[in-house]
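Enquirer: Following is a predicted model, sequence given first.
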Amino acid sequence: MSTPAIAWLKQKKIPYDVIHYDHEEKGAVFAARSTGFPLEQTIKTLVVALGDKTFGLALLPGHQQLSFKKLAKAFGVKKAAMASTEAAERLTGYHVGGISPFGLRQRLPAVIEQSILRHDNVMINAGQRGVMLKMVPGDIVNALGCRVTPLVG
């Protein structure tokens with residue numbers, strides 16, 4: 001089984017382990033509970049609107065809420081908000097609940113919550129509901145060229 005995210009990581013020779021679970025509801029809480037992986041190490045990938053028809057990705061731990069003020073500062077914009085479901089799916093090529101930051105239909109700039117880098121391994125979506133990738137946080141940062149910054153609180 002492969003997704004565009006897995007193919008993209010394979011092409012770039014970035015290590016990962018694939019973890020499958022029965023997807024019954026979207027969200028990091030359910031994914032963490034289903035896999036037995038800690039919620040604070042389960043990353044949610046959020047597609048965000050940065051104004052003027054520009055978008056980006058925010059990666060943060062499943063148990064935390066995004067600060068739109070910190071997000072706007074990280075991207076150097078006045079205001080940031082969640083992208084609509086339609087925009088998120090159109091830009092990424094993935095369904096909400098299965099959005100991966102890898103192998104997107106359209107490349108989007110990404111920022112990652114700094115606390116994620118404290119962990120040896122994290123789990124992040126593989127681009128399909130019920131499929132996660134276990135990875136080293138530093139590999140995610142390097143793969144995406146994302147900025148490490150405070151995004152919560």
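Expert: Okay, I see it.

Enquirer: Show me what counts as buried in the lowest-mean-pLDDT helix or strand in the chain.
Expert: Scoring the helices and strands of the chain by mean pLDDT, DSSP states H and E places helix 28-35 at the bottom, with a mean of 87. With burial defined by 16 or more other Cβ atoms under 10 Å, the residues of helix 28-35 counted as buried are 28, 30, 31, 32, 34. C-betas here are computed from N, CA, C, even on glycine.

Enquirer: so where's the chain uncertain?
Expert: By pLDDT under 70, the low-scoring segments of the chain are 1.

Enquirer: Spatially central, which residue of it would that be?
Expert: Centroid-nearest residue in the chain, with Cα atoms, centre = their mean: residue 45, separated by 2.5 Å.

Enquirer: hang on, the earlier thing: return the member of the buried residues of helix 28-35 nearest to residue 121.
Expert: Distance to residue 121, by Cβ to Cβ, is smallest for residue 32 among the buried residues of helix 28-35, at 13.0 Å.

Enquirer: That closest one and residue 43 touch, don't they?
Expert: No - Residue 32 is beyond contact range of residue 43, at 10.2 Å (criterion: Cβ atoms under 8 Å).

Enquirer: thinking again about what came up before, assumed the residue nearest to the centre of the chain was part of a strand.
Expert: Yes - under DSSP: H, G, I helix; E, B strand; the rest coil, residue 45 falls within a strand.

Enquirer: For it, give me its contacts.
Expert: 57, 58, 59, 99, 100, 101, 124, 125 (Cβ atoms under 8 Å, 6 or more residues apart in numbering).
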